[in-house]
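Chemist: Below is the structure, and that's it, no one-letter string:
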């Protein structure tokens, strides 16, 4: 099994991380075994489409040719081969992500700001299916503000996982603001709106920190995942118009109702 150095550029960074665990190697040392999922090559995909198009032209009437081309592309996409690659690392995946954070000044500054609000932050990388009943709709991570647990789900690339970690650090940095909303909100609607307001500010924090890391530390621009959305929304009012009836906002209303029961129901 291959041993890689996560501190260096490695060929698996763009592949999805499926799982990671501690293992004992035959050399007697303990390693982190990381399982990556690799999709088959783009060239192989094009070849499948080309063969399908050729057969469509040969076997189908002319009026059904375009339909055949579409079906060929669909079948090629659906049958894309995926293989799992297992590699070993002397560094744990969590430690590797913390190291990347420490090496980027703008992200490291956010980390210490978050630690100022919750000194006990620790990272937990888990398969998404184990968190589906806990995570807000559409979310790939969660910050447990009172315990310090920071969750980021697997099944994504290293950069995508790290981008979520940075976002949740932003939520930890706003622990006081979240607590203020929890203490002052008087209805499910108010709680949802004000909580989303804090998370909108977390998006701004994320964008400022990651955009600087893109420039100064060669982070991939895709990690700045809220840049275009913030340019579109301009401010919280624009964001809330789109988010007001989104399942994510509704999950906060349900959270309020779970705490307060019928007193949380507000009629228009």
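Modeler: Good, I have the coordinates. Bear in mind that the values here come from a model prediction, so they are computed numbers and not experimental data.

Chemist: Now do residue 130 against residue 151, distance only.
Modeler: 10 Å (Cβ to Cβ, to the nearest Å). The C-beta positions use only the backbone N, C-alpha and C, and glycine is treated the same way.

Chemist: Those two - which one has more neighbours?
Modeler: Remark: of residue 130 and residue 151, residue 151 carries more neighbours, 22 against 12, as counted by other Cβ atoms under 10 Å.

Chemist: Confirm that the more buried one sits in a strand.
Modeler: Yes: membership of residue 151 in a strand is supported by DSSP: H, G, I helix; E, B strand; the rest coil.

Chemist: so it touches residue 128, yeah?
Modeler: No: using Cβ atoms under 8 Å, residue 151 is not in contact with residue 128; the gap is 10.0 Å.

Chemist: For burial, what's the neighbour tally of the nearest residue to residue 202 once chain neighbours are set aside?
Modeler: Nearest residue to residue 202 in three dimensions, chain neighbours excluded: residue 170, at 4.0 Å (Cβ to Cβ, 6 or more residues apart in numbering). Residues lying near residue 170 (other Cβ under 10 Å) number 25.

Chemist: Hmm, residue 207 and residue 170 touching each other?
Modeler: No: taking Cβ under 8 Å as the definition, residue 170 is not a contact partner of residue 207, at 9.6 Å.

Chemist: count of neighbours near residue 158?
Modeler: Residue 158 has 22 nearby residues by other Cβ under 10 Å.

Chemist: mind checking how far it is from residue 114?
Modeler: 20 Å.

Chemist: ditto for residue 167
Modeler: For residue 167 relative to residue 114 (Cβ to Cβ), the value is 11 Å.

Chemist: Same check on residue 184?
Modeler: Residue 184 is 23 Å from residue 114, by Cβ to Cβ.

Chemist: which of the two has more neighbours?
Modeler: Per other Cβ under 10 Å, whichever of residue 184 and residue 114 has more neighbours is residue 114, with 24 against 10.

Chemist: does the closest residue to the more buried one other than its chain neighbours count as helix, strand or coil?
Modeler: For residue 114, ignoring the flanking residues on the chain, the nearest one in space by Cβ to Cβ, 6+ apart is residue 172 at 3.7 Å. State at residue 172, reduced to three classes by three-state DSSP: helix.

Chemist: Contacts only, for residue 172.
Modeler: Contact analysis of residue 172 by Cβ atoms under 8 Å, 6 or more residues apart in numbering lists 114, 115, 117, 118, 121, 143, 145, 148, 150.

Chemist: Residue 228: how many residues sit nearby?
Modeler: Using other Cβ under 10 Å: residue 228 sits among 10 other residues.

Chemist: To clarify, my last question referred to residue 30.
Modeler: 11.

Chemist: follow-up on the earlier one: how much space between the residue nearest to residue 114 and residue 144?
Modeler: 9 Å.

Chemist: Between those two, which contacts overlap?
Modeler: In contact with both residue 172 and residue 144: residue 150, using Cβ under 8 Å, 6+ apart.

Chemist: distance between the helix or strand hosting residue 189 and the chain's centre?
Modeler: Per DSSP states H and E, residue 189 falls inside helix 188-217. Computed by Cα atoms, centre = their mean, to the nearest Å, the chain-centroid distance of helix 188-217 equals 14 Å.
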